[in-house]
Each structure stands twice: as C-alpha cells, then as structure tokens.
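[1] what's the 3D shape of this:
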Amino acid sequence: MLTLFDLRRKLIDEKIFKGTPLRVIAKELELSNSYMTNFIDFLDEKEGCHEVKFDTLLNIAKRYFKKPADIKEIMTDFAKRATKPQNMRMLLEFADEINDLPFLAELIEKCKDSKNRSLEAVSKIYELLYKRKTSQISLIDFRERLSILKSDNTTESTYLIIILESYILYDLRSYTLLQSYITLLDSLISQLTCEKYLILRYEQRKEEIKMRLYLKTNELEKCRAVADKMIKSKDSMRLLASSYYTRGVSYLFESFESCLFNMDKAAVYYESLGLKELQQKTRTYIALAKCIHNQMELVDVSMLSKIEQIYYFAKQKDYLTADQLYTDYIKKNDEEFPEIQFPFRMLLMGLIKQEKDIIWQSYTEYMRQGELFFANFAMMELEQLGLVPFSIQS
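    Numbering: from 1, shown residues only. Below is the predicted model of the structure:
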C-alpha cells in the first residue's frame, strides 16, 4: 500500500539522484518554490505547515506514478489527513470518478457531520450517487431525495443536482427533456467558482452525458465529436475507456473495423482499471458486430447472452435452432422481461418467421421508446428488404 511517504521518496530521489533542483521540479509543476517547500514539510508532518491542495498533490502524484491503482493509494492516504472542505469536495469527486465505492462511502461519512454547510450539502448529493451505484435506492426514492436537496442554493450543489437529474432522465429515456438539461448545464458551467479540478470534472460529466445522449438519438457524428474531445484530453483513464466504448458502439451498424478498433481500445483501459464487467461488454459488442457484418465464422457464441445467441442463429439463417432457443428463452424469462428489450424480441420473431410486418413493429416500438440508435437493428433488416427509404434521426 503506497503512502504519501512513497511520494516524498520519489521526489527526493529525483532531486538527489537525478540532480534535478527543487526549483526546476516546482517550475515544471507550475508551483512556487515556497509551495514545494511547504509540500515536503506537509509530507513530513512538520508543525506550522499548511495542508496541501488535493489537485496539486494529484498532479505531483501523476508525475511519479503512472498506474491508476498507485495514484489511488496515494490519494487515499492523503484523505486520512485532509480536513479542508475544498479538499474533501475534490476527494469525493475523485472517489466517484475512479468508482472506488468503499472509499467514497468513507469520505461521505467523514463529510456528513461537517460544520461547513456547503460540504455537508455536497456530501448528501454524493451519498445519493453512491446509493444509485450500489442499487440501494429506487428511482422514485432517488428523485424524491433529490428534490429535498434542491433547497440548498449553492451553485456547485445546484450543478451537481442537475447532473443527477440528467442521469434520471437518461435512465427514463426522456431524451428530449435531457437535451434541455444539458443546455442548462452548458450555461451554468461558467458560473461555477469552485476549484479548477471540480470545474473540469463537472464539465466532463456533462460531456459524457451528452455523448451518450447523441448515441441514443442516433446523432452519431456529434457523438463521436464529443468522444474525440474527451479522448484528446486524456484527463481520466475511465473517461478514455468510456469514450472509446461509446465510439465503438456508434460504429456497430456502420463499420465492423471501426467498431472493433474502438472496442479493443476500450477493453484495454477497462482491464487496467479492473472493470471486468465493462471489459466483457466490449467483447459482447464485438461479437454482435460480427453478426451484423456477416463475420459469422469469427463469432465466439459464448460471448453472447442467451437472447443475443438467438440473433446469431437467426442471422445464420438457422431458423430452427433460433426458434428453439427463442421458445426456451420466453418460457424462462417472459415474466421478468424488461420493456426495453421488447422491440428486440419482436425483431427476433420477425427474423425467425421471416415476417417483414413483425420487423416493422419492432422498428416502430424502438421509435416509441426513443431508442433511435438501436432502431437500426430493425432498420437494417428492412433496408435489405427495400422497405425503408429514409434514415433514422431525432
């Protein structure tokens, strides 16, 4: 387990063994000489030194450590000594960004009893984020608790609450209303007066929501433009993974090669982050892309879910196997089938029975749900039948 003293050792080693003067290190980090002296005193726990800023410590940690796990350990150790409200707010955002939920829970408990009203209010928002991620709260309760928190009128809290409301709208597939929320977030970002680290992170949250919205509404060029912007920033490995992943999905129906390239990139980052479930999802989309683009001989069927395996055999024109799997699947899952999968069920039935009218129903159901991107599943089949002379657009 790395600590702040390991960071100190790295810094001193550069000074002594590499012969880099402290003032040069400070200049490269855009810090004053006095700040660097205070930084070392803080690491040594000397009396009279000031608590260093989270974002400055993070930049120094990134200079000496490249692995996300190492940086996380350094910042976790810093959290044990951090007391300033601005540092605690940045630590909350950092813990949520790296998806370290136990660390986030510890920070929330530490902040909830703060005498600083702004920090207390922000910690309650992160508590909701934590409960959303750990499935400890229903969507209805989530919205009600969020409404109560709106009584706090700090700009930072307001911005975070609007972001959380945007997550709700995304989950509800209320994409038209979500667009208006993103416009509001765009206008509010310039009014934030918090630390640059937080402003950057809030901006990134907004852009990630925007990227996913553009995917859902089938505005793929806009989606890829936002993804490219976040990839170029290289501010967060998780965001890099998310951007490559979303980019890969956007090419699902358009280009097998582009889908594969972006999904492979995302998989590497997810593996580095230890996010095995998301890494698995990249493999699933690659397998689906192979089905869509007639690369059947390359498909590892084990990478597909049961319902996706039905799609695979239907695309193989093995309608007997597909029909058997479909019948078995419906018997086992019919009562628990989520509404969002209903149009895909109809698509499978249309492919198995070779009924274009059922495929049309699948398409219209996708459109009714607002799932314009995934309506391409049905659109693609209809186009092959020469029945769709238009493109899907919100």
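[2] going C-terminal from the lowest-mean-pLDDT helix or strand in the chain, what's the next secondary structure element?
    Least confident helix or strand, the chain: helix 139-149 with a mean of 80, by mean pLDDT, DSSP states H and E. Per DSSP states H and E, the first helix or strand lying C-terminal to helix 139-149 is helix 155-171.
[3] next, the angle from that next one to helix 139-149.
    Orientation of helix 155-171 against helix 139-149 (axes from the mean of the first three to the mean of the last three CA atoms, to 10 degrees) gives an angle of 160 degrees.
[4] what packs against helix 155-171?
    helix 117-133, helix 139-149, helix 175-188, helix 196-216 (3 or more CB pairs under 8 Å, 6 or more residues apart in numbering; DSSP states H and E). The way it works is simple: take the backbone N, C-alpha and C, and place the C-beta from them, glycine included.
[5] list the buried ones in the least confident helix or strand of the chain?
    The neighbour-count check on helix 139-149 (16 or more other CB atoms under 10 Å) flags 142, 145-146, 149 as buried.
[6] can you pull the contacts of residue 231?
    240, 243-244, 247 (CB atoms under 8 Å, 6 or more residues apart in numbering).
[7] 7 Å instead, please
    Shown in contact with residue 231 (CB atoms under 7 Å, 6 or more residues apart in numbering): 240, 243-244.
[8] ok, residue 94 touching residue 74?
    No. Under the criterion of CB atoms under 7 Å, residue 94 makes no contact with residue 74, lying 11.1 Å away.
[9] what about those two, which has more around it?
    residue 94 (26 against 23; other CB atoms under 10 Å).
[10] ok, now which ones touch the more buried one?
    residue 75.
[11] and the pLDDT at residue 390?
    Residue 390 is assigned a pLDDT of 57 by the prediction.
[12] no wait, residue 27
    Residue 27 is given a pLDDT of 88.
[13] secondary structure element holding it?
    Residue 27 belongs to helix 22-28, assigned by DSSP H and E.
[14] mind giving me the packing neighbours of that helix?
    With contacts taken as 3 or more CB pairs under 7 Å, 6 or more residues apart in numbering; DSSP states H and E, helix 22-28 sits against helix 4-16, helix 33-43.
[15] contacts for the last one next, please.
    Contact with helix 33-43 is made by 4-5, 7-8, 22-23, 25-26, 49-52, as judged by CB under 7 Å, 6+ apart.
[16] how about stretch 135-152?
    121, 124-125, 128, 131-132, 161, 164-165, 168, 171.
[17] before we move on, what about stretch 71-87?
    With contact meaning CB under 7 Å, 6+ apart, stretch 71-87 is reached by 1-4, 7, 51, 53-54, 57-58, 61-62, 65, 88, 91, 94, 98, 100, 103, 107, 114, 116, 118-119, 195.
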